[in-house]
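>>> A predicted structure for the sequence below; I have some questions about it.
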Amino acid sequence: YPLRRQRQMCIRDSPRSIPCWEDPIVTGVLPVAFEDATKVVQSFLHSGKEYVCLMLLHDEISDEQLSTVLHEFTGEIYQKPPLRASVKRESRKRTIYYLDFLERDGNRVLFRVGCQAGTYIRKLCSDIGEVLGIGAHMQELRRTRSGPFTESSGLHTLHELVDAHARLVEGDETPIRNIVRPVEEALEYIPKIHVRDSAVDSLCHGASLAIPGIVDVEDPFPKDTIVAIMTLKGEAVALAKCTMSSESVIQQEKGIAANMMRVLMPRGTYPKMWRD
């Protein structure tokens, strides 16, 4: 397939010299979607995140007390967005999957946190300082994972993207292919249903997915789950909402398994095998 169809995602490294929106002390992984790949943005924005944070304590505290309090913030917590947040300021539940104390230099503490999307690390630092009774604030933050994308996936600055585009104009696709990723990579953590080639084009026209068109269910999922519809070659066809669980899909021989939400593959990519 042409470059435009195959590769539509890149992972930006936002350096300190290029402010990440309003927060110049935040750097790291920032997935950017191009063209039709913007249709899958919501699917991975709600995936988990990982950060390495430098927190400044406002007074002296022992390592033992600090470790104890950090451990207390693992699991479900209540958090109210900070004043400058772009969402409504009301308490909401967020999950901290892990919070690892890495090292310390005086009042500066380095820790790694894995958390649910929508968790404010700046507010987390403030809350930790409040529980410690000495106060604390976030001094620097780096996002090391966003959904399926990590630092090891390969980060690129906007300058590198501009250079790669210039090489593309000159006829060399190699640099741009190293930066811009297939849209399917954004769907790594989403349950997948693989369908027959004969069903692909009808799904691209918005038809619901019937059980006879399903070849394989890759991951277990409950009813009403958002799933990725894939071809047998692993190409993304659409995002859909399941009308039944994966167990029911496997057990039943007929019925509608999912309704299309966002079609990702252009019509006509696979030959039409259905009648008007």
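Right, received. Where do you want to start?
>>> could you dump stretch 45-53 to CSV, C-alpha only?
Only the C-alpha atoms of stretch 45-53 are listed here, as CSV (Å, rounded to 0.1, in the frame of the first residue of the first chain):
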residue,chain,number,x,y,z
LEU,A,45,-5.7,8.6,24.8
HIS,A,46,-7.6,6.7,27.5
SER,A,47,-4.9,4.1,27.8
GLY,A,48,-2.5,4.1,30.8
LYS,A,49,0.4,6.4,31.1
GLU,A,50,3.8,6.2,32.8
TYR,A,51,5.9,9.1,34.1
VAL,A,52,9.2,9.8,35.7
CYS,A,53,8.8,12.8,38.1
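>>> average pLDDT for it?
Computed over stretch 45-53, the mean pLDDT rounds to 87.
>>> Output the below-cut-off pLDDT ranges for this structure.
1-24, 82-89, 274-276 (pLDDT under 70).
>>> Neighbouring strands of the lengthiest strand in it in the sheet, and parallel or not?
For the chain, the strand with the greatest residue count under DSSP state E is strand 92-105. Here strand 92-105 has these sheet partners by DSSP bridges: strand 75-79 (antiparallel), strand 108-115 (antiparallel).
>>> Tell me the gap between that strand and the middle of its chain.
Taking Cα atoms, centre = their mean, to the nearest Å, one finds strand 92-105 lying 19 Å from the centre of the chain it belongs to.
>>> Name the surrounding residues that touch it.
48, 52, 63, 66-67, 70-71, 73-80, 109-116, 118-119, 124 (Cβ atoms under 8 Å, 6 or more residues apart in numbering). Just so you know, the C-beta spots here come from the backbone N, C-alpha and C atoms, and that holds for glycine as well.
>>> Go again with 6 Å.
Contact with strand 92-105 is made by 67, 70, 73-74, 76-77, 79, 110-116, 119, as judged by Cβ atoms under 6 Å, 6 or more residues apart in numbering.
>>> Since that was my last question, I'll sign off now.
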